[in-house]
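Undergrad: I'll drop the sequence and a predicted model, then ask my questions.
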Amino acid sequence: MRWNLLVRKTHSWGAILAALPVIVIISTGLLLQLKKQIAWVQPTEFEGTGTAPAISLDQVVRAASTVPSAEVRGWDDVRRVDVRPAKGVAKVWTQNGWEVQVDLGSARVLHSAYRRSDLIESIHDGTWFHEHAKLWLFFPAGLTLLVLWLTGMYLFALPVWMRKRRPPRPPVRRAA
């Protein structure tokens, strides 16, 4: 099989095989790129009072428990706490996907909203579908995307390279 035909077939079939995982990766990646600009993806970050925490982590969790939709009854319901001293806020990420922002100076709840960025990220890397989908479906799709890029660049550059290798044409003489 000729090299150029092999490259074209690899490029065509690779695009078909990787189409579904790649569209998932691209669309979720675009959403993740805009997560700070779109509050639907990740809640807007509010600023609290002061820059040094004046309350304990237990007070932060107690404040988060005042938000009914967050369903926080104790530390078991908290996935993680992100403390931002410069902004005066602690973000409590709950097991059910909610984010509660608590003022580090007054223990007042500044904002609460559903946080979709973690869900979108798990769809992006394939772990939402199955723990093995990341390595057995999305990783090969990423490799296929790399091969598509390489073969596409080759197919793009080949005509340019061939034109430069061709000897120059002699000038055309016109009859007068």
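TA: Yep, that arrived. Numbers count the residues shown, from 1 in each chain.

Undergrad: show the subsequent helix or strand relative to the longest helix seen in the chain.
TA: In the chain, assigned by DSSP state H, the helix with the most residues is helix 3-33. Counting by DSSP states H and E, the next helix or strand C-terminal to helix 3-33 is helix 57-64.

Undergrad: output the contacting helices and strands for that following helix.
TA: When contacts are defined as 3 or more CB pairs under 8 Å, 6 or more residues apart in numbering; DSSP states H and E, helix 57-64 packs onto strand 78-84, strand 89-94, strand 98-103. Any C-beta I mention is one placed from the backbone N, CA and C, and that applies to glycine too.

Undergrad: what lies in contact with the first one?
TA: The contact list for strand 78-84, computed with CB atoms under 8 Å, 6 or more residues apart in numbering, reads 45, 53, 57, 60-61, 64, 72, 90-95, 104.

Undergrad: mark which of those are buried, thanks.
TA: The neighbour-count test (16 or more other CB atoms under 10 Å) marks 45, 53, 60-61, 64, 72, 90-94, 104 as buried among those.

Undergrad: looking at the helices and strands packed on helix 57-64, which is buried most?
TA: Highest mean neighbour count among these (mean count of other CB atoms under 10 Å): strand 98-103, with a mean of 26.

Undergrad: that'll do, ta.
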